[in-house]
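# Here is the input, now give the coordinates:
(4 chains)
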There are 4 protein chains.
Amino acid sequence: MNFVSDNCSAVHPSVMEALVKANTGFMPSYGDDALTREAEDQIRELFEAPNARVAFVATGTAANALCCAMLCPPWGRVFCHKHAHIETSEAGAPEFYTGGAKLALIGQDDGRITPDDLAEGLITYGRDNVHAGQNAMLSLTNATEWGTIYAPDQVAALAAIAHEAGLAVHMDGARFANAVAALGCSPADLTWRAGVDALSFGGTKNGCMAAEAVILFNGERVDELDFRRMRGGHLWSKHRYLAAQMAAWTRGGLWLELAGHANRMAALLGRGLAGVPGVTVNQPVQSNSVFATLPQAVYQAGMARDAGFRMWPATQDERAAQVSVRLVASWATTEQDVQNLLAIIGG
Amino acid sequence: MNFVSDNCSAVHPSVMEALVKANTGFMPSYGDDALTREAEDQIRELFEAPNARVAFVATGTAANALCCAMLCPPWGRVFCHKHAHIETSEAGAPEFYTGGAKLALIGQDDGRITPDDLAEGLITYGRDNVHAGQNAMLSLTNATEWGTIYAPDQVAALAAIAHEAGLAVHMDGARFANAVAALGCSPADLTWRAGVDALSFGGTKNGCMAAEAVILFNGERVDELDFRRMRGGHLWSKHRYLAAQMAAWTRGGLWLELAGHANRMAALLGRGLAGVPGVTVNQPVQSNSVFATLPQAVYQAGMARDAGFRMWPATQDERAAQVSVRLVASWATTEQDVQNLLAIIGG
Amino acid sequence: MNFVSDNCSAVHPSVMEALVKANTGFMPSYGDDALTREAEDQIRELFEAPNARVAFVATGTAANALCCAMLCPPWGRVFCHKHAHIETSEAGAPEFYTGGAKLALIGQDDGRITPDDLAEGLITYGRDNVHAGQNAMLSLTNATEWGTIYAPDQVAALAAIAHEAGLAVHMDGARFANAVAALGCSPADLTWRAGVDALSFGGTKNGCMAAEAVILFNGERVDELDFRRMRGGHLWSKHRYLAAQMAAWTRGGLWLELAGHANRMAALLGRGLAGVPGVTVNQPVQSNSVFATLPQAVYQAGMARDAGFRMWPATQDERAAQVSVRLVASWATTEQDVQNLLAIIGG
Amino acid sequence: MNFVSDNCSAVHPSVMEALVKANTGFMPSYGDDALTREAEDQIRELFEAPNARVAFVATGTAANALCCAMLCPPWGRVFCHKHAHIETSEAGAPEFYTGGAKLALIGQDDGRITPDDLAEGLITYGRDNVHAGQNAMLSLTNATEWGTIYAPDQVAALAAIAHEAGLAVHMDGARFANAVAALGCSPADLTWRAGVDALSFGGTKNGCMAAEAVILFNGERVDELDFRRMRGGHLWSKHRYLAAQMAAWTRGGLWLELAGHANRMAALLGRGLAGVPGVTVNQPVQSNSVFATLPQAVYQAGMARDAGFRMWPATQDERAAQVSVRLVASWATTEQDVQNLLAIIGG
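Below you'll find the predicted structure:
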């Protein structure tokens, strides 16, 4: 039982099996192999984007930072949510890869940015000028850091404002699978058809070992991506093992099946928690995360029994009367895990 | 008549005279000359800091960015005011020179940061961790972007919190002269005795042509400063002409005389504006800037007669019923300039 | 049959088995797991370096670039061989991670740097000065890009000169296993006892999937490594899968067994090639690479039969009378592979 | 008497006079003033390049680094002479401003690069590939670090090879005035007509205080230059004082008059030295520098009498039988200075 993060889960058996299957004989290195071409093609097909540039890396931070570097110059400004992973949890990777861009923090407490937030942000930072730097990019996280989701029309509304203002649009899709599974839309509808220029398509949290795809829907300057990935140290020599993960994970809808399962476990958990006296569920449970406020005694019960969750945000007073926590379900979470947790919490 | 900025003023005659006087014969380049030693020594004496490292550059942005690079690693976070020059007006120079550090924006609408603001900021960003990056530096602007001032005890209170949390303390002193002139304190009291580790000591806005001093009161790693200045392209070959400015400007109290004059002109202007019907002075006039809200008709009168001020912030609706403006006095502002402006404004 | 590079080989079955074995249940992320501690401890033990800082990454370029960033400031100079991987094959990763350091190219045609080369380089670039930048680091590759090897006393002689001049010493050990296997020395003798401060300890080319260890023998500023790895996007969330590779690969001497096999296959190949009329073996075969010059007809025979090697350097005229090639053996190379190649070449 | 460098000279009286003349009243800051427009227009006219982008900075290192950043991506390679200022004397400014590009060192001992040198360099580094990085730029210094000069046809021959290979062409013109004065050609002939894309047009060494112009003849992406200059800290607030220097220096041919004088003084010195027994002049004296090898006794005589020159290169053994030195004439060098030096040297 572990709800600390979906990245505490193991690799899905089908993905591991694909790694074992790929492990035979010699193969050209650095991505010049048939398995890589297959995985890339499969993703282009999935996104109905035959001309998209697809590049694999091992971490979400690498994918996000590379996308930022592709869309934002060193003197640019990235509008993102105040709790976006690129702001709070990447130790400045976007700043490093862009060569010193700025993140401008906007957005609501539910993890989403509204069109008004963006419009207001654009006014605050004014038009591009040599002193203030250049408004260059909008980064949306979907599903968000607070488990909420942008629907295609919400993305489109934001992207329209962004493009009008000259910003490129990035989507941090570390949990893109959870968003698509929840929405039941097509990957294309939630990305390029809604105006997204670049996607960090995350496999790691959803059943892969270490595999993410950078997808550039807009074909400008895509050659830069190769150089940026290489000099970031993110081009695997035994590239087949990145490709094998992505190929297996996107084959036959596995990715959506796993994400849908995680979402259902979170929904189950959310409903359970809402029924526990004194517990408040703080955000609508739209994907695979549940955010709740627990009475101190309940929090302590969870800690004492190693229930597998943690304070969120981390900077709270752990001894307050109420403690807010995050619980994340993954492909590996079972109904029994949820029942066990509720038994501890529900006391 | 020009109140747009103190950097619209000319060079003070004494500084220009010093340049002319320095313009004779050959002299060693890159700072290896007697005039440079004299100017550096004079500044160390002024600050009662015989071991301080003093380095001259031509712009305030260079001074600030070098100070940031000396005090904050690439993965560090600089706490600064939300309207600090390093955030709003340097096109990302601190990010560039640090190698990608983050600015964390805090503070009050009067341009100052309170101890509570800083304490809260430190909680928000938590203790240093590998995901969030390292809290590394506090940057205070004195006088602030809103013309207000930190007294030595206010600086000391902030520096104490900062040092306790492991942050180094920088002061952006583009208008340090105005602050010292207003406070009547010693430069040492407002800097190293109050806990400031590095100062951008600004001459340009106060009568120099292009001359600022980076002063490191803390002697650690000062050799780095030479390399950083050089590779930033900020080491002048004909260095005597930077030194001559700083030597003349700090000699015999000229710097304080000029700043005191500018402060008095701003005070005069502030009092005058406060008496104009419909005009509100928005901040206490503590140094050489006045911030006021004007009725549209008054604003238009000023614009029509080229009264030499501008909207502040720049992103307002110029046709609103009320328009907020900034007016900055300099060493070159005369009482007649103030009277002329009031005549226009006062209708 | 593939001699293009050792990175065309698959993952050794024992390493893959370890990945499968690690793939069970939830585990803390980002390296806070027992498997990571075990792997790190095992490496510290292997190197008889109980206080060394060990950090895992997925690529050799990442390991090298992080070592450079730890040992060389942005204004520093890295002395390295003119054909070092960090110079020729990493698209500027060292420059990126250091923030713009310079590589100074020295060394002999056999891939090694002699003490005289280094001494001469130090004279050429002079003592540190603000114009020229700072001599900061020596990077040795062992085994070298030309398959040759530095023995412990050769490393020590170079490190002594380096340390005397204030340089830190890095070893690019992408093929460190091959060097140790060839020399029969202890890992400690070839590294910290000989004066090496940081090692890129490469597993990928020798049987891992994607696993390298950065080892800092010198404990100064090691906390920086965590921040640098994170912001480089190189901290795996499912860290157990990096650790499992390194643990399995270093357990029970597997790493040396695999490297020793590769070396033997290269020796066999070298001896075979030396006996082919018209073929010249260009470097002593000391590790797992063979460099040879082939008559055009022999080269064509190899190409036509897809013999699995390539021109080296890549910039030769492919139609010249003589063509130079590289052939690399790996843990997966069989005697039959060697015989097959010789049959084609010897044709 | 000082021949150490032309940057030991003072500011020419006409330039200083222009500064004094500009020192009146208020003026818009950051280059939005009439004097700046005049100076820019004057330079465009001088170069017969009405669409060129002209931007002023205070140092040659800043100008060079900005040109590199405009013409070379972070993963790019700059071909330059092994003794180019950007390689030997800027503490890594090009690497800093480009975000980590590499300099590839080529060229002859006379300070020039030949077409063969460049062609060979292009072969050595191969075609652009993701491992090796991208060949992006050629930087020529004219006059060179060894006082020699490229004529327009020599520049054109190199630029043709460069452009064919996809490289942009930069000229470091710290002593461009000396080159033009020596050649008697038009500035356009030596730059854009010969294929130069960007010029660092140096005023400082030739009579200015601290003034250089970045000139981009190719209009692509010129807006970037404003951001890069600002975030480098190189946009002067009191910009009129940069402009006044460049305007006065380029007005009425003053720049060529000063450079021509310096060249003549160097020629006189070179002829004189050539007649001193035991002294060898090592390079053709084509601009304002003389390189000579002196017998130890002569060198000591010069040192003892403070004759104003220095060892070149700086890393020689000062007590060898022969010592090589550099002597640089400037606009301020008099015939008497030359005679005095020859009297000392000639014993």
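
# Every contact and neighbour count from this point should use C-alpha atoms.
Fine.

# Just the helices from the stretch 51-200 of chain A, written as ranges.
For the stretch 51-200 of chain A, helices defined by DSSP state H, counting those that start in this stretch occupy the ranges A:60-71, A:85-88, A:93-98, A:115-124, A:152-164, A:176-183, A:187-190.

# Can you give me the separation between the spatially closest residue to A:S186 that is not a sequence neighbour and A:I43?
Spatially, and ignoring its direct neighbours in sequence, A:S186 is nearest to A:V180 (7.0 Å; C-alpha to C-alpha, 6 or more residues apart in numbering or on different chains). Taking C-alpha to C-alpha, to the nearest Å as the measure, A:V180 and A:I43 are separated by 15 Å.

# quick one on the thing from earlier: could the helices of the stretch 51-200 of chain A go into CSV alongside mean pLDDT, distance to D:E145 and mean neighbour count?
Formatted as CSV, the helices of the stretch 51-200 of chain A follow (pLDDT from 0 to 100; distance: least, C-alpha to C-alpha, whole Å; neighbours: other C-alpha atoms under 10 Å in any protein chain shown):
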stretch, mean pLDDT, distance to D:E145, mean neighbour count
helix A:60-71, 98, 36, 28
helix A:85-88, 97, 46, 22
helix A:93-98, 98, 34, 30
helix A:115-124, 95, 48, 16
helix A:152-164, 98, 48, 19
helix A:176-183, 98, 56, 25
helix A:187-190, 98, 57, 20
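
# Near chain D, which residues of the stretch 1-150 of chain A are found?
With C-alpha under 8 Å from any C-alpha of the partner chain as the criterion, the stretch 1-150 of chain A comes near chain D at residues A:75, A:99, A:130-131, A:133.

# Arrange those residues in JSON lines, one row each, with neighbour count, distance to C:L105 and pLDDT as further columns.
As requested, the residues of the stretch 1-150 of chain A next to chain D are arranged in JSON lines below (neighbours: other C-alpha atoms under 10 Å in any protein chain shown; distance: C-alpha to C-alpha, whole Å; pLDDT from 0 to 100):
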{"residue": "A:W75", "neighbour count": "28", "distance to C:L105": "33", "pLDDT": "97"}
{"residue": "A:G99", "neighbour count": "28", "distance to C:L105": "26", "pLDDT": "98"}
{"residue": "A:V130", "neighbour count": "22", "distance to C:L105": "39", "pLDDT": "92"}
{"residue": "A:H131", "neighbour count": "22", "distance to C:L105": "40", "pLDDT": "94"}
{"residue": "A:G133", "neighbour count": "30", "distance to C:L105": "38", "pLDDT": "94"}
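
# which of the residues you listed come close to chain C?
By C-alpha under 8 Å from any C-alpha, no member of the residues of the stretch 1-150 of chain A next to chain D lies near chain C.

# so where's chain A uncertain?
A:128, A:347 (pLDDT under 70).

# what does the domain assignment say about it?
Residue ranges for the structural domains of chain A, counted by automatic domain parsing, are given in the record as A:11-253, A:255-346.

# Determine which stretch of those is the most buried.
Mean neighbours per residue, mean count of other C-alpha atoms under 10 Å in any protein chain shown, is largest over those for domain A:11-253, with a mean of 23.

# First-to-last residue distance for it?
With C-alpha to C-alpha as the measure, the first residue of domain A:11-253 is 16 Å from its last.

# Determine how far it lies from the middle of the whole chain.
Averaged C-alpha coordinates place domain A:11-253 at 8 Å from its chain's average position (C-alpha atoms, centre = their mean, to the nearest Å).

# which residues touch the helix ranked longest in chain A?
Scanning chain A for the longest helix, with DSSP state H as the assignment, gives helix A:254-274. Around helix A:254-274, the neighbours that count as contacts under C-alpha atoms under 8 Å, 6 or more residues apart in numbering or on different chains are A:177-178, A:180-182, A:203, A:206-207, A:248-249, A:279-281, A:285-290, A:292, A:328-335, A:338, A:342, A:345-346.
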